[in-house]
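Asks: Got a predicted structure here, sequence first:
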Amino acid sequence: MRARRLTFGGRLLCPFLRPFFLDSRDEGRVKDAAETLWILGERVAQAALSDDTLLADLALSPDEIRLARIDPGYATVSTAARADAFVLPDSLQFAEYNGESPAGAGYAQGLAEVFGELALMRRLREDVDARMYRPVDVLLDALVASYREWGGTARPPQIAIVDWKEVPTFSEFELLRDAFAARGVPTIVCDPRDLDFASARLTANDVRIDLVYRRVLINDIVSRAEECRALLAAYEAGAVCVANSLRCKIPHKKAFFAVLTDERRSQLFSERERAVIRRHVPWTALVRQGNVRLEGGEIDLIPHLRRHRNRFVIKPNDEYGGTGVTLGWETSEAQWDGAIARALAERERGWIAQEKIAVRREIFPMCANGGVEMRDMLVDFAPYLFRGALAGFLTRLSATGLANVTSGGGQVPAFVVTGKMD
């Protein structure tokens, strides 16, 4: 893993000694539900641009709305997206939707290649078909397709992967750069502070850029505006294709699920789509005083949350790495009341309450304390969606109720298995 740069902030991604195995029979239902979720994200984003009440329901800030109203030059909102989910034999439920700048595709493929080369995996393949996804090629194809939709004509386009040089995912940018270049698409990795926009050209260290694979977050574009000035100026001028566009913040907000499960918004979706939402999206609402619709009736939200904390989680509308998440079933009554009070006090920032969903746990062998220990781990299974097509999975393990690499969880590759495993 070290030789292949499979590290996050310097530490190895995977301390576990087996992959996650997805039954091939589950692959189809994951594909259908996840691809439908991407379609709904695109539709809600387009609808919100002409409906201020929908923007209010999503709790976008004025700065985010201003950026979303800039025409990116093409319609696709989230070239790259990821749906964080839990898949079990009798259920598949999404926890949230990353419509902005999901990390990990390069890591996921790299880990799968490492495991796929092991003698043990070769022995397994004597009895079953164990298939891995290769999301990196699909990501590149999606980025170029968005560039073509934007009207780009360079063949190939010059790509810049843009994010802060100090982020812990920098090694993944290098993996993607090398993979894209091997496909004949010149790619550089640069910091927003390296960019210059002059004479209708966006450049980095004198290299003209056609297509920005934007990994720098919109939150940073807002809070560090001067350092991102060249990137935003080129975007506003239509001088460069940026993927994901700055409209992606609309479905990225966790309140996106509140829109999906709000009976008042049901006309946005077909009957089949409403059925997918009922099966796979947990009921969600912005934490605000007043009544909301639930299961065909009305409830007073705040008293309902206080009475049923074991059924709910409270999350900030737009954070990463599990920041600010309160799991009702793991907190005291006083802690839960504090989380509600904070959400109400920070109403403009936006906090959501979401129904508890069924999670998956499995036993994994893990390198720890100088040996190997068997650990009961939560399995967060997150399909990648590149221009709406299932392209692979990010699979994270955690001993706690929060599964993400940022907060200390680990990552394993996923293999789709056809045939019976003993």
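Replies: On my side now, so go ahead.

Asks: how about the helices in the protein?
Replies: Counting by DSSP state H, the chain has helices at residues 24-48, 52-58, 62-68, 105-116, 119-124, 135-150, 170-182, 218-223, 229-236, 249-252, 256-260, 271-280, 301-307, 333-345.

Asks: Take those helices and lay them out in CSV including mean pLDDT and distance to residue 161.
Replies: Yep, even glycine has a C-beta here, placed from its N, CA and C like the rest. Shown next, in CSV, are the helices of the chain (pLDDT from 0 to 100; distance: least, CB to CB, whole Å):
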stretch, mean pLDDT, distance to residue 161
helix 24-48, 96, 22
helix 52-58, 95, 28
helix 62-68, 97, 20
helix 105-116, 97, 10
helix 119-124, 95, 30
helix 135-150, 98, 10
helix 170-182, 97, 5
helix 218-223, 97, 15
helix 229-236, 98, 12
helix 249-252, 98, 19
helix 256-260, 98, 26
helix 271-280, 98, 32
helix 301-307, 97, 41
helix 333-345, 96, 35
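
Asks: Turn those helices into a markdown table, including distance to residue 14.
Replies: Supplementary listing: the helices of the chain in a markdown table, determined by distance: least, CB to CB, whole Å:
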| stretch | distance to residue 14 |
| --- | --- |
| helix 24-48 | 21 |
| helix 52-58 | 35 |
| helix 62-68 | 35 |
| helix 105-116 | 6 |
| helix 119-124 | 14 |
| helix 135-150 | 16 |
| helix 170-182 | 14 |
| helix 218-223 | 28 |
| helix 229-236 | 33 |
| helix 249-252 | 27 |
| helix 256-260 | 30 |
| helix 271-280 | 28 |
| helix 301-307 | 37 |
| helix 333-345 | 32 |
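
Asks: Tabulate the ones you listed (a markdown table), appending mean neighbour count and distance to residue 386.
Replies: Formatted as a markdown table, the helices of the chain follow (neighbours: other CB atoms under 10 Å; distance: least, CB to CB, whole Å):
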| stretch | mean neighbour count | distance to residue 386 |
| --- | --- | --- |
| helix 24-48 | 19 | 9 |
| helix 52-58 | 17 | 23 |
| helix 62-68 | 17 | 21 |
| helix 105-116 | 23 | 8 |
| helix 119-124 | 12 | 26 |
| helix 135-150 | 22 | 4 |
| helix 170-182 | 19 | 13 |
| helix 218-223 | 17 | 19 |
| helix 229-236 | 20 | 21 |
| helix 249-252 | 28 | 15 |
| helix 256-260 | 25 | 19 |
| helix 271-280 | 15 | 20 |
| helix 301-307 | 15 | 36 |
| helix 333-345 | 16 | 33 |
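
Asks: quick one: the residue nearest to residue 203 when sequence neighbours are not counted from residue 255, how far?
Replies: Using CB to CB, 6 or more residues apart in numbering and skipping the chain neighbours, the partner closest in space to residue 203 is residue 196 (5.2 Å). Distance, residue 196 to residue 255, by CB to CB, to the nearest Å: 36 Å.

Asks: Repeat that for residue 32.
Replies: Separation of residue 32 from residue 255 (CB to CB): 24 Å.

Asks: And for residue 290?
Replies: Residue 290 is 15 Å from residue 255, by CB to CB.

Asks: ok, now residue 56?
Replies: 10 Å.

Asks: What of residue 116?
Replies: 39 Å.

Asks: likewise residue 314?
Replies: Taking CB to CB as the measure, residue 314 and residue 255 are separated by 13 Å.

Asks: So for these two, which residue has more residues nearby?
Replies: Neighbours per residue (other CB atoms under 10 Å) separate residue 314 from residue 255, with residue 255 holding more: 26 against 22.

Asks: Next up, the contacts around the closest residue to that one other than its chain neighbours.
Replies: Among residues not flanking residue 255 along the chain, residue 58 sits closest, at 4.8 Å (CB to CB, 6+ apart). By CB atoms under 8 Å, 6 or more residues apart in numbering, the contact set of residue 58 is 44, 48, 250, 253, 255, 256, 258, 259.

Asks: For residue 396, name its beta-bridge partners.
Replies: residue 380, residue 411 (DSSP bridges).

Asks: Pretty sure it sits against residue 413.
Replies: No: using CB atoms under 8 Å, residue 396 is not in contact with residue 413, being 11.4 Å away.

Asks: what's the burial count for the nearest residue to residue 157 once chain neighbours are set aside?
Replies: Excluding the flanking residues, the one nearest residue 157 by CB to CB, 6+ apart is residue 210, at 3.7 Å. Neighbour count of residue 210, defined by other CB under 10 Å: 20.

Asks: just residue 192 next, same as before
Replies: Residue 192: 22 neighbours (other CB under 10 Å).

Asks: Identify the residues contacting it.
Replies: The neighbourhood of residue 192, defined by CB under 8 Å, 6+ apart, consists of 162, 163, 164, 216, 220, 224, 227, 228, 230, 231.

Asks: Out of these, flag the one nearest to residue 19.
Replies: residue 163 (27.9 Å; CB to CB).

Asks: Can you read off the pLDDT for the closest residue in space to that closest one that isn't next to it in sequence?
Replies: Once flanking residues are discounted, residue 163 sits nearest to residue 215: 3.8 Å by CB to CB, 6+ apart. As predicted, residue 215 sits at a pLDDT of 98.

Asks: Enumerate every residue touching residue 215.
Replies: Residue 215 makes contact with 101, 103, 161, 162, 163, 167, 169, 173 under the criterion CB under 8 Å, 6+ apart.

Asks: For residue 192, see how far away it is.
Replies: Separation of residue 215 from residue 192 (CB to CB): 10 Å.

Asks: got it, and residue 134?
Replies: Residue 134 sits 29 Å away from residue 192, going by CB to CB.

Asks: likewise residue 29?
Replies: Distance, residue 29 to residue 192, using CB to CB: 40 Å.
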